[in-house]
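>>> Take a look and give me a structure for this.
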Amino acid sequence: MTVYFASHSIGRVVVTTLACSLLLQLAYFASVLFLIWRSGCDSRVGQRAEHFGSCKEGGSEPPDLDELTNESADLLQRDQMLAISLLLL
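A predicted model of the protein is given here:
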């Protein structure tokens, strides 16, 4: 309405509306990507701290490669499901 009252042009209203909606969609997509990236960084930091603490406390051996691979696959699947659910919103 503001664009129409300022310019008295329907064409300008349509172009402005489309440009604003595109800008909002790009901002939403960028924010979703940022949240996915940040959750991945947080989980990796948490895993390192947890792994370091367990080795230091008990003097135990580091986890097997199979355990780490399974945990990594589970985290990747969780992150993918989170990304899909956020994009569907």
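>>> Give the rounded mean pLDDT of the helix or strand hosting residue 32.
Per DSSP states H and E, residue 32 falls inside helix 10-58. Throughout helix 10-58, pLDDT has a mean value of 81.
>>> cool, stretch 75-89 as well?
71.
>>> Now tell me what touches that stretch from outside.
32, 35-36, 39-40, 43 (Cβ atoms under 8 Å, 6 or more residues apart in numbering). Every residue, glycine included, has its C-beta placed from N, CA and C.
>>> what about residue 42, neighbour count?
By the measure other Cβ atoms under 10 Å, the count of residues near residue 42 is 10.
>>> for the contacts of stretch 75-89, which one is nearest residue 24?
Of all the contacts of stretch 75-89, residue 24 sits closest to residue 32, with 12.7 Å by Cβ to Cβ.
>>> Tell me, how many residues neighbour that closest one?
By the criterion of other Cβ under 10 Å, residue 32 has 15 neighbours.
>>> Please report the distance of it from residue 40.
Taking Cβ to Cβ, to the nearest Å as the measure, residue 32 falls 13 Å from residue 40.
>>> Next, find the distance separating residue 34 from residue 84.
Where residue 84 is concerned, residue 34 sits at a distance of 16 Å (Cβ to Cβ).
>>> What of residue 1?
Taken as Cβ to Cβ, the span from residue 1 to residue 84 is 36 Å.
>>> higher neighbour count, these two?
Applying other Cβ under 10 Å to residue 1 and residue 84 shows that residue 84 carries more neighbours, namely 9 against 6.
>>> Does that one lie in a helix or a strand, and which?
Following DSSP H and E, one finds residue 84 within helix 65-88.
>>> what about residue 4, which helix or strand?
If you go by DSSP H and E, residue 4 is part of helix 2-7.
>>> Show me what counts as buried in that helix.
Buried residues in helix 2-7, counted by 16 or more other Cβ atoms under 10 Å: residue 3.
>>> Please put the alpha-carbon coordinates of it into PDB.
The C-alpha coordinates for helix 2-7 follow below in PDB (Å, rounded to 0.1, in the frame of the first residue of the first chain):
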ATOM      1  CA  THR A   2       2.800   2.400   0.900                       C
ATOM      2  CA  VAL A   3       4.500   1.900  -2.500                       C
ATOM      3  CA  TYR A   4       1.200   2.400  -4.300                       C
ATOM      4  CA  PHE A   5       0.500   5.600  -2.500                       C
ATOM      5  CA  ALA A   6       4.000   6.900  -3.000                       C
ATOM      6  CA  SER A   7       4.300   6.000  -6.700                       C
END
